[in-house]
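1. I'd like to go over a predicted model; first the sequence, then the structure.
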Protein chains: 2
Amino acid sequence: MSELRLNIISKDWVIIASDRAKRPEDFKKEKQIEVVPAYQDNCPFCLGNENVFPNIETSCIEKDGIWRVKSIYNKYPALSPDKNPARAFDGLENLIEGFGVHEVVIEHPRHDLTIALMPDDDVLNILKVYVDRYRFLKKMDGIEAITIFKNQGLAAGASQKHPHSQIVATPIVPPQTRTRLDNAVRYFDTTGKCVFCHMLASELKGAKRIVKETEKFVSFVPFAAAAPFIIWIFPKRHMPSFADIDCVELVDMVNILKDALLRLYHGLDNPDFNYTIRSVPVNENGQAYFHWYLAIVPRIAQPAGFELGSGIFINTTIPEDCAKFLRQAQ
Amino acid sequence: MSELRLNIISKDWVIIASDRAKRPEDFKKEKQIEVVPAYQDNCPFCLGNENVFPNIETSCIEKDGIWRVKSIYNKYPALSPDKNPARAFDGLENLIEGFGVHEVVIEHPRHDLTIALMPDDDVLNILKVYVDRYRFLKKMDGIEAITIFKNQGLAAGASQKHPHSQIVATPIVPPQTRTRLDNAVRYFDTTGKCVFCHMLASELKGAKRIVKETEKFVSFVPFAAAAPFIIWIFPKRHMPSFADIDCVELVDMVNILKDALLRLYHGLDNPDFNYTIRSVPVNENGQAYFHWYLAIVPRIAQPAGFELGSGIFINTTIPEDCAKFLRQAQ
């Protein structure tokens, strides 16, 4: 099979080229036995190394006097809050000083854990810190958008092994976010519907690409997945911003996130991956149109010149097959 | 230094985060001595293996009865011409059968060469095949755009070591091309200028980011380069489509392309890279607005979750420094 599918959210076309391809099983990593220690003395994030690698904390959740998860200023920030967010506009050369906030969320005291294998309480703490920092940073003057993301493994761009995620608050709306919001507004203008709610209802009805449904969330492989085993997690309740999540949803988000990551962990032997929480820009209301979601992208296929030069991605797996494979992987 | 720069062609913002960074020299690959043979018996593209790995040729340039460069149908095509280009539109699920053309350009009979090191005549033959196939494919019914690109090295997504490039003709306008054309039209509506011509004049005047100027072309590091050592090659004459190139320009394109690739080869120790020829969609005129160019992207930085989830790239080098480094590398 070879077909082009349109991602209705981003309006990107994807080539599903499964003639060239591989069965889902073929994407399993070659087993490499790598023993990761629970503590490493040269790790800046490990419990016990706080005095050797001092950090500026922005939030912390403790239990029995010991931190369980915390957020800190990134020591090598891409953006920092002491700059000026004003835009210098000069026709061809438009720039802004590197204003913004760049934080790291240290997800766990232990060096060797990954979210898929963490106790539920620990994952809930991570999500709590995400929401707290999101709500705090969205009130800052000059901030237009907040991107929460995770890099796990070298292929995903991680420079530290210790489990961590990152939060970047930018003085601009990211182009991907602007495109998705524009498309959602147009979809609403045409159909009177939130495109995300509409897609979710359609996915649940078709049931071909569903990975898991919980009380408050659904995970599925998108119709036009740009790469093998991409998983989207949509909240069932319509809400534009991640800041709108309530306590019951936050608890249930632990279930759906762990479930998705555990299926990748077992099904593909702990692949490198990224995830991102895609939320409405902080100064947009977007109430009727936008719907936040979390996107997981395993880094098991390498984009080449065609992808870089066109924006059209070639996916060598069939999304329906990937979903079936993930439903069976536990 | 940390600043955000706007790519005026794509309207993407890039974070230039050189605080985190590296000097240009730090991007040199660790020297690995890899001896590539001039001929390999299991290579489907090597001279002499034509009967073992039969291919369907679409064009060929010979010298003394031996082929020097040829284009063939890709044996594992992402798209093929026997499908139907009609779009099936169904609200949420829009698709097209895998219609299109996917060719491979075998750049040289020898297995161990790279364009940077090839004789000028051989490179001219490659460019001739690019233009011939471009002009041929643009007349096919149902084709909307043609992407010519090259993957060199594993990190660039190459599956064959033998020097080759690829041509993909698609039944859709790639989203990146559509965005660039839209932006160029708006720039023209505002300023009455081709944004590419305007940028070229400004780069030549400023001279901060120029790598090389030849009679018909200019290579430079873009102001808002999304990754280290990206090089753009612009033709000086305004022309929207790569099909418009004339013979004198084609000959001079050999000089500018070899020059750019040789600077990367020496300066960064033969890095993996992609290049793409970005041209106007084949059914657009774009006469006043668009301007084809070639973009080279060395694959020496790994995009992570922030890039994937926002579309904002973090470049840990300063484009002006990269240009200076490349000017000195020969």
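-> Nice, I can see it. Numbering: from 1, shown residues only, chains lettered A, B, ... in the order given.
2. the strands in the stretch 151-300 of chain A, which residues?
-> A:164-170, A:210-213, A:217-220, A:231-235, A:273-278, A:293-298 (DSSP state E, counting those that start in this stretch).
3. now those strands as CSV including mean neighbour count?
-> Backbone N, C-alpha and C define where each C-beta goes, glycine included. Output for the strands of the stretch 151-300 of chain A, formatted as CSV (neighbours: other Cβ atoms under 10 Å in any protein chain shown):
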stretch, mean neighbour count
strand A:164-170, 24
strand A:210-213, 19
strand A:217-220, 24
strand A:231-235, 24
strand A:273-278, 24
strand A:293-298, 22
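4. Present these as CSV; the columns should include distance to chain B and mean pLDDT.
-> Putting these into CSV (distance: least, Cβ to the nearest Cβ, whole Å; pLDDT from 0 to 100) gives the following:
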stretch, distance to chain B, mean pLDDT
strand A:164-170, 6, 98
strand A:210-213, 15, 98
strand A:217-220, 13, 98
strand A:231-235, 12, 98
strand A:273-278, 3, 98
strand A:293-298, 6, 98
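5. What strands line up against the worst-scoring helix or strand of chain A on mean pLDDT, and which way round?
-> Lowest mean confidence among the helices and strands of chain A (mean pLDDT, DSSP states H and E): strand A:87-88, at a mean of 90. Here strand A:87-88 is paired, per DSSP bridges, with strand A:95-97 (antiparallel).
6. Dump the following helix or strand past the partner strand to CSV, restricted to CA.
-> Once the chain leaves strand A:95-97, the next helix or strand it forms, by DSSP states H and E, is strand A:101-106. Listed next in CSV are the C-alpha coordinates belonging to strand A:101-106 (Å, rounded to 0.1, in the frame of the first residue of the first chain):
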residue,chain,number,x,y,z
VAL,A,101,12.2,31.0,30.5
HIS,A,102,13.9,27.6,30.2
GLU,A,103,13.3,25.1,33.1
VAL,A,104,14.2,21.5,33.6
VAL,A,105,11.8,19.2,35.5
ILE,A,106,13.9,16.5,37.4
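7. how distant is strand A:101-106 from the center of its chain?
-> Relative to the chain's own centre, strand A:101-106 is displaced by 14 Å; criterion: Cα atoms, centre = their mean, to the nearest Å.
8. cool, stretch A:175-185 as well?
-> On Cα atoms, centre = their mean, the centre of stretch A:175-185 falls 17 Å from that of its chain.
9. anything in it near chain B?
-> Yes. Using Cβ under 8 Å from any Cβ of the partner chain, stretch A:175-185 reaches chain B at A:Pro175, A:Gln176, A:Thr177, A:Thr179.
10. Now tell me what touches that stretch from outside.
-> A:8-11, A:145, A:173, A:194-196, A:278, A:280-281, A:284, A:286, A:289-291, B:10-13, B:309-312 (Cβ atoms under 8 Å, 6 or more residues apart in numbering or on different chains).
11. can you do 6 Å?
-> Outside stretch A:175-185, the residues that touch it by Cβ atoms under 6 Å, 6 or more residues apart in numbering or on different chains are A:Ile9, A:Ser10, A:Lys11, A:Ala145, A:Val195, A:Pro281, A:Tyr289, A:Phe290, B:Asp12, B:Ser310, B:Gly311.
12. would you turn those into a markdown table with distance to A:Pro109 and neighbour count?
-> As requested, the contacts of stretch A:175-185 are arranged in a markdown table below (distance: Cβ to Cβ, whole Å; neighbours: other Cβ atoms under 10 Å in any protein chain shown):
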| residue | distance to A:Pro109 | neighbour count |
| --- | --- | --- |
| A:Ile9 | 37 | 22 |
| A:Ser10 | 38 | 18 |
| A:Lys11 | 43 | 16 |
| A:Ala145 | 31 | 24 |
| A:Val195 | 41 | 23 |
| A:Pro281 | 34 | 22 |
| A:Tyr289 | 41 | 24 |
| A:Phe290 | 36 | 26 |
| B:Asp12 | 38 | 20 |
| B:Ser310 | 29 | 25 |
| B:Gly311 | 34 | 20 |
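13. sorry, back to before: could you export the strands of the stretch 151-300 of chain A as CSV, including distance to A:Phe242?
-> Converted to CSV, the strands of the stretch 151-300 of chain A look like this (distance: least, Cβ to Cβ, whole Å):
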stretch, distance to A:Phe242
strand A:164-170, 11
strand A:210-213, 20
strand A:217-220, 13
strand A:231-235, 9
strand A:273-278, 5
strand A:293-298, 9
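14. Out of those strands, the one nearest A:Met1 is which?
-> Closest to A:Met1 of the strands of the stretch 151-300 of chain A, according to Cβ to Cβ: strand A:217-220, at 19.6 Å.
15. partners of the closest one, with directions?
-> strand A:210-213 (antiparallel), strand A:231-235 (antiparallel).
16. so which of those strands gets nearest B:Met118?
-> strand A:231-235 (44.3 Å).
17. where does the closest one sit relative to the chain's centre, distance-wise?
-> 10 Å.
18. Alpha carbons only: can I get that strand in PDB?
-> Extracted in PDB, the C-alpha atoms of strand A:231-235 (Å, rounded to 0.1, in the frame of the first residue of the first chain):
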ATOM      1  CA  ILE A 231       0.600   8.300  19.700                       C
ATOM      2  CA  TRP A 232      -1.700  11.200  20.500                       C
ATOM      3  CA  ILE A 233      -3.400  11.500  23.900                       C
ATOM      4  CA  PHE A 234      -6.500  13.700  23.800                       C
ATOM      5  CA  PRO A 235      -8.500  14.700  26.900                       C
END
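19. Of all residues in chain A, which one is nearest the centre?
-> Centroid-nearest residue in chain A, with Cα atoms, centre = their mean: A:Thr276, separated by 1.7 Å.
20. which SS state does the residue nearest to it when sequence neighbours are not counted fall under?
-> Computed as Cβ to Cβ, 6 or more residues apart in numbering or on different chains, the closest residue to A:Thr276 that is not its neighbour in sequence is B:Gly309, at 2.7 Å. Under DSSP: H, G, I helix; E, B strand; the rest coil, the three-state class of B:Gly309 is helix.
21. Can you check the pLDDT for B:Gly309?
-> pLDDT for B:Gly309: 94.
22. which residue packs closest to A:Pro77, ignoring adjacent ones?
-> A:His102 (3.7 Å).
23. mean confidence for stretch A:35-50?
-> 94.
24. what about it, start to end distance?
-> End-to-end span of stretch A:35-50 (Cα to Cα, to the nearest Å): 24 Å.
25. Need the pLDDT of A:Glu30.
-> Looking at A:Glu30, the pLDDT reads 64.
26. What of A:Asp90?
-> At A:Asp90, pLDDT is 81.
27. Tell me the secondary structure at it.
-> coil.
28. Quick check on the nearest residue to A:Gly100 once chain neighbours are set aside: phi, psi?
-> Closest residue to A:Gly100 apart from its sequence neighbours, by Cβ to Cβ, 6+ apart: A:Leu79 at 2.9 Å. Reported as degrees, to the nearest 10, the phi and psi values for A:Leu79 are phi -140, psi 150.
29. Surely A:Leu79 is in contact with A:Gly98?
-> Yes. Taking Cβ atoms under 6 Å as the definition, A:Leu79 is a contact partner of A:Gly98 at 5.0 Å.
30. Tell me, how many residues neighbour the residue nearest to A:Lys11 when sequence neighbours are not counted?
-> Spatially, and ignoring its direct neighbours in sequence, A:Lys11 is nearest to A:Asn183 (5.4 Å; Cβ to Cβ, 6+ apart). Other residues near A:Asn183 come to 17 when the count uses other Cβ atoms under 10 Å in any protein chain shown.
31. ok, now the one 5 residues further on?
-> Neighbourhood size, A:Phe188 [other Cβ under 10 Å]: 17.
32. ok, it to A:Tyr289 distance?
-> Remark: distance between A:Phe188 and A:Tyr289 (Cβ to Cβ, to the nearest Å) = 5 Å.
33. and A:Asp132, what is it in contact with?
-> Here A:Asp132 is in contact with A:Ser59 (Cβ under 6 Å, 6+ apart).
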